[in-house]
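Asker: generate a structure from the sequence data that follows.
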Amino acid sequence: MTDTLQKIKQLADADIAAPLGFHADGQHVGLKHKSKDLGWIYSDVPAAAAGVFTTNQVQAAPVKLDKATIKDGQLQAIIVNSGNANAVTGKIGYEHAEMMQQTAADSLNIDANLVAVASTGIIGQVLPIDKVIHGIHQLHISGDSKAFAHAIMTTDTVEKSITIQSQIGNQTVTMSGVAKGSGMLHPNMATMLGFITTDANISSELLQQALSEDVETSFNQITIDGDTSTNDTVLVLANGQANHQKITTASTDYDHFKAMLHTVTTALAIAMASDGEGATKLLAVTVSNAQSSLAARMIAKKVVGSSLVKTAMFGKDPNWGRIIAAIGASDVAVDPDVIDIALNNIPVMTAGAPTVFNQENMVKALEQKNIAIDINLHTGEASGQAWGSDLTYEYVKINALYTT
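Answerer: Numbers count the residues shown, from 1 in each chain. Okay, the predicted model is just below:
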């Protein structure tokens, strides 16, 4: 895997339309006060498609529509709005999602069954469909592709995108990803939208397999506030324009493709965790020497999801007791008497007992933007990670006044 990752190059100029045969645009159509709020992604040819969606029992109309649309394993376009989730709006909500789908299809002169729909924003408000329909007609195939990342944002403070390249079958393969999400983030999955485009040539079955497996160690390992959204969606389109031999079975090429996918999804996951609503710090929890990777991931996510841990890190308080308490509250069997814990490489607990540390050095360590919480269970050889943000006064303010 290390050799594979060394062959993957990240491009400085991230653009969702960077892979061959893809285009994108973003426009302001009036769903939000000033900023861009509608965008699309388009492929010159139908692409193999894969998707994963929210596990919330209450699912937005676009999620329901996309689950039905993606069953054939092909998409050619995605139409996305921000500022309104089109969730919990009854029968009219589904009709509006279908109208978005059909209007985009008509504008692009493709079949409606090749168009996915995504929405994000306030839940429980009817989508102003006239503005959306009018806006779709303002989108261009060869528009401002970089504007798409901005058009899908809600409370995000920065755009989240990445583009990488590598070689598969002696051909240059490009993969790009863009995401939004900064609050109500607790995937399986979260209030997040993620879109990945690639010119790799891969079957839809293997693409779905790769994505379903990958989210367990990327998007599903971030948490901001413990709430799971109604709209979270991740879609991957692979249009085959890199023109290498099609990946149809598990192989070295498939492993390389999975490494590329994981590079993109992990980067987007960390970017979302870092941009948590009101966040001042990125918390990265690494659990090592666990009995299984699943156990390690469960503990890592339990720790990074603890409100007490989050507030301690916001307050630059090395209260590691909250960390060991979160470990013990997980559903994983552990031996507290052998656990080690370190904060930004400063040991605070060794073999289940306190470790004396320099207070001045600790204060400096916890003033950093990135906080690494390392946990060694000493019960196995597996490891896992999870990412999140601290919990701040600003988070409360943002969410207390979200609709007002």
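Asker: any stretches of the chain with poor pLDDT?
Answerer: Residues of the chain that meet the criterion pLDDT under 70 lie in 1-6, 182-191, 224-229, 276-278, 393, 395-404.
Asker: what's the longest strand in it?
Answerer: The longest strand of the chain (DSSP state E) is strand 38-53.
Asker: parallel or antiparallel, list what pairs with that strand.
Answerer: For strand 38-53, the paired strands and their directions (DSSP bridges) read strand 22-27 (antiparallel), strand 74-84 (antiparallel), strand 233-238 (antiparallel).
Asker: elements contacting the following helix or strand past that strand?
Answerer: Sequence-wise, the next helix or strand downstream of strand 38-53 (DSSP states H and E) is helix 61-69. The contact analysis (3 or more C-beta pairs under 8 Å, 6 or more residues apart in numbering; DSSP states H and E) places helix 61-69 against strand 38-53, helix 90-108, strand 115-122, strand 233-238. Using the backbone N, CA and C atoms, a C-beta is placed for each residue, glycine as well.
Asker: could you dump those to JSON lines with mean neighbour count?
Answerer: JSON lines is the format used below for the helices and strands packed on helix 61-69 (neighbours: other C-beta atoms under 10 Å):
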{"stretch": "strand 38-53", "mean neighbour count": "24"}
{"stretch": "helix 90-108", "mean neighbour count": "19"}
{"stretch": "strand 115-122", "mean neighbour count": "26"}
{"stretch": "strand 233-238", "mean neighbour count": "27"}
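Asker: which one of these lies nearest to residue 208?
Answerer: With respect to residue 208, and counting by C-beta to C-beta, the nearest of the helices and strands packed on helix 61-69 is strand 38-53 at 4.0 Å.
Asker: and the helices in the stretch 301-404 of the chain?
Answerer: Secondary structure of the stretch 301-404 of the chain (DSSP state H, counting those that start in this stretch): helices at 307-314, 320-328, 359-366, 393-400.
Asker: from those helices, which stretch is densest packed?
Answerer: helix 307-314 (a mean of 20; mean count of other C-beta atoms under 10 Å).
Asker: and that helix with helix 359-366, angle?
Answerer: 100 degrees (axes from the mean of the first three to the mean of the last three C-alpha atoms, to 10 degrees).
Asker: contact partners of helix 307-314?
Answerer: Residues outside helix 307-314 that contact it (C-beta atoms under 8 Å, 6 or more residues apart in numbering) are 226, 280-281, 283, 303-304, 318-319, 322-323, 325-326, 366, 371, 373, 388-392.
Asker: how far is it from where the chain is centred?
Answerer: Helix 307-314 sits 22 Å away from the centroid of its parent chain (C-alpha atoms, centre = their mean, to the nearest Å).
Asker: show me the contacts for the residue nearest to residue 258 when sequence neighbours are not counted.
Answerer: Distance criterion C-beta to C-beta, 6 or more residues apart in numbering; nearest residue to residue 258, sequence neighbours excluded, is residue 210 at 5.1 Å. Shown in contact with residue 210 (C-beta under 8 Å, 6+ apart): 50, 202, 254, 257, 258, 261.
Asker: in which helix or strand would I find residue 210?
Answerer: Assigned by DSSP H and E, residue 210 belongs to helix 204-214.
Asker: just the CA atoms of that helix, as PDB, please.
Answerer: Output in PDB follows, covering the C-alpha atoms of helix 204-214 (Å, rounded to 0.1, in the frame of the first residue of the first chain):
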ATOM      1  CA  SER A 204     -20.300  -0.400 -11.600                       C
ATOM      2  CA  GLU A 205     -20.300  -3.600  -9.400                       C
ATOM      3  CA  LEU A 206     -16.700  -3.100  -8.400                       C
ATOM      4  CA  LEU A 207     -17.100   0.600  -8.000                       C
ATOM      5  CA  GLN A 208     -20.000   0.100  -5.600                       C
ATOM      6  CA  GLN A 209     -18.000  -2.500  -3.700                       C
ATOM      7  CA  ALA A 210     -15.000  -0.200  -3.400                       C
ATOM      8  CA  LEU A 211     -17.100   2.700  -2.200                       C
ATOM      9  CA  SER A 212     -19.100   0.700   0.300                       C
ATOM     10  CA  GLU A 213     -16.000  -0.700   1.800                       C
ATOM     11  CA  ASP A 214     -14.100   2.600   1.800                       C
END
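Asker: nearest to residue 333, of the helices and strands packed on helix 61-69?
Answerer: Residue 333 sits nearest to strand 38-53 of all these, at 29.1 Å, using C-beta to C-beta.
Asker: now the lengthiest helix in the chain: how far from the chain's centre is it?
Answerer: The longest helix of the chain (DSSP state H) is helix 252-274. The chain centroid and the centroid of helix 252-274 are separated by 10 Å, computed with C-alpha atoms, centre = their mean.
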